[in-house]
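Peer 1: here's my sequence, what's the structure:
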Amino acid sequence: MTPFDWSALALFFMCWLGYDPMLKLIARRSGALNEDMLTVRHAWMTAMTRREIRLLDSQLLGHSINSGSFFASSNLLLIAAVGGILFGGESALKSFASVGAEAVPIPLLEAKLALVLACLSRGLLDFIWSIRQMNYTLALIGAAPEINGEEAHAAFGEATAQVLNPALAAFSQGVRGYYFALAAAAWLFGPIWLAAGVLSAFTLLVWRQSGSPAARAIRTARRLLDANSSL
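Peer 2: Residues are numbered from 1 along each chain as shown. Below you'll find the predicted structure:
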């Protein structure tokens, strides 16, 4: 590996592993979509406890479970494709290298494919854990008792949100894995492409979390929910 490869790889890991701390810092300063959604989901689960019929809540969560299953299945297919090349022997690697990627030694090509595989594998694990937790949340919705009193509603809603929020946070992490897997795949064309890919992915993710129209709208909704809960 050249110094450019090492530098681009260091930048990749800095962005990949440093995204969550950076997002928390942004959330403290100006707000972030994922952080605002914690409040929205908490309000949803609290409202769920007040409804006599919770069919709508279970249908909404079932849609999220289906989405998670779709992404997990797609992720598994991509892992199989990349793994088939990576572990398919030297002939498979040479055949893959001939389609237009940067001409590099076989060990370096294996390292590039391994980075893509690592991003996809982490994403798959996130999707699996997300689906499990969403199923736990679905069970809590089904088990929600007919309770009276605002404190009881708030307590059960809080407990359910404490399961739902990590579930959908894991789902977001799994989706994020696709961004970084694409950036890692850019390394096949050279270290400059890797650096450009990871900076583009990181910038796009940060913008969608803090400056996109969806982020601004959800931030407004969170403020309304906070104001309503303080009344």
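Peer 1: count the neighbours of residue 218 for me.
Peer 2: 20 (other C-beta atoms under 10 Å). Just so you know, the C-beta spots here come from the backbone N, C-alpha and C atoms, and that holds for glycine as well.
Peer 1: just the pLDDT for the closest residue to residue 110 other than its chain neighbours.
Peer 2: Spatial nearest neighbour of residue 110, chain neighbours left out: residue 86 (6.2 Å); criterion: C-beta to C-beta, 6 or more residues apart in numbering. At residue 86, the model reports a pLDDT of 82.
Peer 1: so how many other residues sit close to residue 86?
Peer 2: 19.
Peer 1: quick check: it touching residue 115?
Peer 2: No - contact between residue 86 and residue 115 fails when scored by C-beta atoms under 8 Å: they sit 10.5 Å apart.
Peer 1: ok, residue 82 - contacts?
Peer 2: 113, 116, 117, 120 (C-beta atoms under 8 Å, 6 or more residues apart in numbering).
Peer 1: reformat those as TSV; add secondary structure and distance to residue 202.
Peer 2: Below are these laid out as TSV (DSSP: H, G, I helix; E, B strand; the rest coil; distance: C-beta to C-beta, whole Å):
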residue	secondary structure	distance to residue 202
113	helix	22
116	helix	17
117	helix	20
120	helix	18
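Peer 1: just give me the closest of those residues to residue 187.
Peer 2: Residue 187 has its nearest neighbour among the contacts of residue 82 in residue 116, at 8.1 Å by C-beta to C-beta.
Peer 1: lowest confidence element among the helices and strands of this protein?
Peer 2: Ranking every helix and strand in the chain by mean pLDDT, DSSP states H and E puts helix 90-97 at the bottom, with a mean of 69.
Peer 1: coming back round to it: of the contacts of residue 82, just say which sits nearest to residue 26.
Peer 2: Once C-beta to C-beta is applied, the member of these that ends up nearest residue 26 is residue 120, at 26.0 Å.
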